[in-house]
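Participant: Pasting the sequence and the predicted model now:
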Amino acid sequence: MEPNALHIWPRGNYMCIALPNAEGSFTVTLFLPNQGNPSFTTILSGGDARALFARDFADALPLIPELEQDFSRNPTGVLGTLYLDRWHLQGRALLIGDAAHAIVPFHGQGMNCGFEDAVELAELLEDATASFDHAFAEFERRRKPNADAIAAMALENYVEMRDRVDDADFLLMRALERVLAARHPGRFVPRYWMVTFTRLPYATAFERGEIQAQILRELTAGKTRLNEIDLAAADRLVSERLTPLLA
């Protein structure tokens, strides 16, 4: 396999992925629902795992010679998203990071979101005139929309990885996204880039990502190839609906 790439086997409501390691090996993870078939209620042993891989991930099976042992040695984890109505108790206690807004890992932003919490809280606490009660309440007001946004985007990425990355319409939208990003730098910026490589608030990236996704859907509707898309119309939509991002 290509040693410097993430490999995904999408299968609808479940998937297998292989993440590359520095020395050339891969860390392979199987994501299944907790209920249904297949799920972690039906795949209970190494033998069950081998049968599943033989049926659904046959090309990966020869690359995992100790599949049964690996499956048995590694416990099944549980992924979830934590939604809380309140993060603070007056000025006496405050939740930050995963304690306030744990998310699934499919955007790679859990730790970064916690770091952003720490920076925001430190800035609020530097204000000598602010009470803890005020600082904690203001922290929640500022950070909760961003935490909700990255939680939603992480879940959307999971659905995209397990169900869409091999769809022709999805691939066409991604190809057009690259074209529009090149034609409109600083205005049409892919959402993944905004989240991963800028300091834009998550809520801003989420909002702009929704607008951009709608533009892509409109332009690719009924199309099968990139050269069928009216780029002049695309330019107009981008200019009308997206303001330039501040440097």
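Facilitator: Thanks, I have the structure now.
Participant: Quick check: can you list the domain ranges of the protein?
Facilitator: Per the record, the chain has its domains at 7-73, 88-150, 168-241, by automatic domain parsing.
Participant: chain center to the first one, what's the gap?
Facilitator: Which is domain 7-73. 20 Å (CA atoms, centre = their mean, to the nearest Å).
Participant: what do you get for the shortest one?
Facilitator: Taking CA atoms, centre = their mean, one finds the center of domain 88-150 at 20 Å from the center of the full chain.
Participant: neighbouring contacts of stretch 21-32?
Facilitator: Outside stretch 21-32, the residues that touch it by CB atoms under 8 Å, 6 or more residues apart in numbering are 1, 3, 7, 14-20, 38-40, 43, 49, 52, 60, 63-64, 70, 79, 158, 162. Any C-beta I mention is one placed from the backbone N, CA and C, and that applies to glycine too.
Participant: could you redo the last one with a cut-off of 7 Å?
Facilitator: Taking contacts as CB atoms under 7 Å, 6 or more residues apart in numbering, the residues outside stretch 21-32 that touch it are 3, 14-20, 38-40, 43, 64, 162.
Participant: So for stretch 197-216, mean pLDDT?
Facilitator: Confidence for stretch 197-216, expressed as mean pLDDT, is 97.
Participant: would you put the C-alpha positions of it in CSV?
Facilitator: The C-alpha trace of stretch 197-216 is given here as CSV (Å, rounded to 0.1, in the frame of the first residue of the first chain):
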residue,chain,number,x,y,z
PHE,A,197,-4.6,25.1,8.9
THR,A,198,-6.1,28.4,10.0
ARG,A,199,-7.1,30.0,13.3
LEU,A,200,-10.6,30.7,12.1
PRO,A,201,-13.3,29.9,14.8
TYR,A,202,-14.9,26.5,14.2
ALA,A,203,-18.3,28.2,14.0
THR,A,204,-17.1,30.4,11.1
ALA,A,205,-15.6,27.4,9.3
PHE,A,206,-18.8,25.5,9.8
GLU,A,207,-21.0,28.3,8.5
ARG,A,208,-18.8,29.0,5.4
GLY,A,209,-18.6,25.3,4.8
GLU,A,210,-22.3,25.0,4.6
ILE,A,211,-22.5,27.8,2.1
GLN,A,212,-19.7,26.3,0.0
ALA,A,213,-21.3,22.9,0.0
GLN,A,214,-24.6,24.3,-1.3
ILE,A,215,-22.7,26.0,-4.1
LEU,A,216,-21.0,22.8,-5.0
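Participant: Please spell out which residues along it are buried.
Facilitator: Judged by neighbour count (16 or more other CB atoms under 10 Å), stretch 197-216 contains these buried residues: 200-206, 208-209, 212, 215-216.
Participant: and what of stretch 225-237?
Facilitator: By neighbour count on 16+ other CB under 10 Å, the buried set for stretch 225-237 is 229, 234, 237.
Participant: Which elements pack onto the helix or strand that contains the second one?
Facilitator: Ala234 is part of helix 231-241, with elements assigned from DSSP states H and E. Using 3 or more CB pairs under 7 Å, 6 or more residues apart in numbering; DSSP states H and E as the contact criterion, the elements in contact with helix 231-241 are helix 168-183, helix 202-220.
Participant: okay, those in CSV with distance to Thr29 next?
Facilitator: As requested, the helices and strands packed on helix 231-241 are arranged in CSV below (distance: least, CB to CB, whole Å):
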stretch, distance to Thr29
helix 168-183, 22
helix 202-220, 24
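Participant: just so I know, which of the ones you listed lies nearest Met194?
Facilitator: Minimum separation from Met194 across the helices and strands packed on helix 231-241 (CB to CB) falls at helix 202-220, 3.9 Å.
Participant: With distance to Ala152 added, can I get the buried residues of stretch 197-216 in JSON lines?
Facilitator: Supplementary listing: these in JSON lines, determined by distance: CB to CB, whole Å:
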{"residue": "Leu200", "distance to Ala152": "15"}
{"residue": "Pro201", "distance to Ala152": "14"}
{"residue": "Tyr202", "distance to Ala152": "9"}
{"residue": "Ala203", "distance to Ala152": "10"}
{"residue": "Thr204", "distance to Ala152": "13"}
{"residue": "Ala205", "distance to Ala152": "11"}
{"residue": "Phe206", "distance to Ala152": "6"}
{"residue": "Arg208", "distance to Ala152": "14"}
{"residue": "Gly209", "distance to Ala152": "10"}
{"residue": "Gln212", "distance to Ala152": "15"}
{"residue": "Ile215", "distance to Ala152": "19"}
{"residue": "Leu216", "distance to Ala152": "18"}
